[in-house]
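Asks: would you be able to build a 3D model of this:
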Amino acid sequence: MYATPLTAGADARFWGAVRDHLRQAGLAAPDALTLAPPDLMAHWRDPALVFSQTCGLPYRAVLKDHVTQIGTPDYGLKDCPPGHYNSLVIARADDPRTGLTAFATARFAYNDPLSQSGWAALALEAPEVLQGPRLRTGSHSASAAAVKDGRADFASIDAVTWRHLTAASETTGLRVLHATAPTPGLPLITAKDGPADLLFEAVQAAIQRLSQQDRAVLHLQDIISLPADAYALPLPPTPEAIAG
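Replies: Numbers count the residues shown, from 1 in each chain. Below is the predicted model:
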């Protein structure tokens, strides 16, 4: 879910370590990761799924009865417990407004209504600030770009994605306005009958083998086993349900 051109090499080496561990245990793991499948929901629900990562909202809203949770990566985020993340509400650096309430009628950019970090975090925490017009962008990077170029006034960005955007020099001219409360991070999943324990072991071993450089590029610290009920959060109102 966090793959970018800058992470491509580190992602390949990380998966290579996972793959080799799985093959040594007798599992015919794919040579390479499939990046950006055109239909994510079909990909996640594929009964042949070996390994993937999903967002917490589609997991609890749609997938929990169709897949098995492997574990949750820990990205070492500030003010977040292990295995958790939050959203950073951003605005232009030169926008004089301060505080969320000042943006209550402003144009909000969001990536997708099934995004925990891009929509649900703020829609559950402060729906009153989403009363203005809204722009659906399709990705966090597109939401940040929309704020930067003035098509939107503020947006909610996954904190890990914000790090990747910063590394790619895509946050110049933007500032963090607010940080939402932490929620469980993006879980790694396998098919309903997939070898979750073996996959957890393989991911943990691969993380431990990462070079310091790759670890820094991926911001990947550990894999955490969170209880299933950690993801049993309320479903957010849809964009259509909030007056705008």
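Asks: count the residues that sit near residue 23.
Replies: 12 (other CB atoms under 10 Å). From N, CA and C alone the C-beta is placed, and that goes for glycine too.
Asks: who are the contact partners of it?
Replies: Contact analysis of residue 23 by CB atoms under 8 Å, 6 or more residues apart in numbering lists residue 29.
Asks: pLDDT at residue 221, what is it?
Replies: Residue 221 carries a pLDDT value of 97.
Asks: how much space separates it from residue 190?
Replies: Going from residue 221 to residue 190 by CB to CB, to the nearest Å gives 21 Å.
Asks: out of the two, which sits in the more crowded spot?
Replies: Taking neighbours as other CB under 10 Å, residue 221 and residue 190 compare with residue 190 leading, 19 against 16.
Asks: hey, what's the more buried one bridged with?
Replies: residue 68 (DSSP bridges).
Asks: contacting residues for it?
Replies: Residue 190 sits next to 49, 50, 51, 52, 67, 68, 70, 196, 199 when contact means CB under 8 Å, 6+ apart.
Asks: now residue 84: how far from residue 95?
Replies: 29 Å.
Asks: now do the SS call for the residue of the chain positioned farthest from its centre.
Replies: Largest separation from the mean C-alpha position in the chain: residue 26, at 30.4 Å (CA atoms, centre = their mean). Assigned by DSSP: H, G, I helix; E, B strand; the rest coil, the conformation of residue 26 is coil.
Asks: pLDDT value on it, please?
Replies: With respect to pLDDT, residue 26 scores 96.
Asks: what do you get for the one 5 residues further on?
Replies: pLDDT recorded at residue 31 is 95.
Asks: for it, grab phi and psi.
Replies: Here is the backbone geometry of residue 31 (degrees, to the nearest 10): phi -60, psi -40.
Asks: in what helix or strand does the closest residue to it other than its chain neighbours lie?
Replies: What sits nearest to residue 31 in space, not counting adjacent residues and going by CB to CB, 6 or more residues apart in numbering, is residue 19, at 7.1 Å. Using DSSP states H and E, residue 19 maps to helix 8-24.
Asks: where does this protein dip in pLDDT?
Replies: Along the chain, segments meeting pLDDT under 70 span 244.
Asks: one more pass at 50, please.
Replies: When residues are selected by pLDDT under 50, none of them lie in the chain.
Asks: now do the helices in it.
Replies: 8-24, 40-44, 56-58, 121-125, 140-148, 159-167, 196-209, 212-218 (DSSP state H).
Asks: make JSON lines out of the ones you listed and add distance to residue 103.
Replies: Output for these, formatted as JSON lines (distance: least, CB to CB, whole Å):
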{"stretch": "helix 8-24", "distance to residue 103": "35"}
{"stretch": "helix 40-44", "distance to residue 103": "29"}
{"stretch": "helix 56-58", "distance to residue 103": "22"}
{"stretch": "helix 121-125", "distance to residue 103": "10"}
{"stretch": "helix 140-148", "distance to residue 103": "11"}
{"stretch": "helix 159-167", "distance to residue 103": "18"}
{"stretch": "helix 196-209", "distance to residue 103": "38"}
{"stretch": "helix 212-218", "distance to residue 103": "32"}
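Asks: the domain parsing of this protein - what is it?
Replies: As given by automatic domain parsing, the domain ranges for the chain are 5-76+184-227, 87-181.
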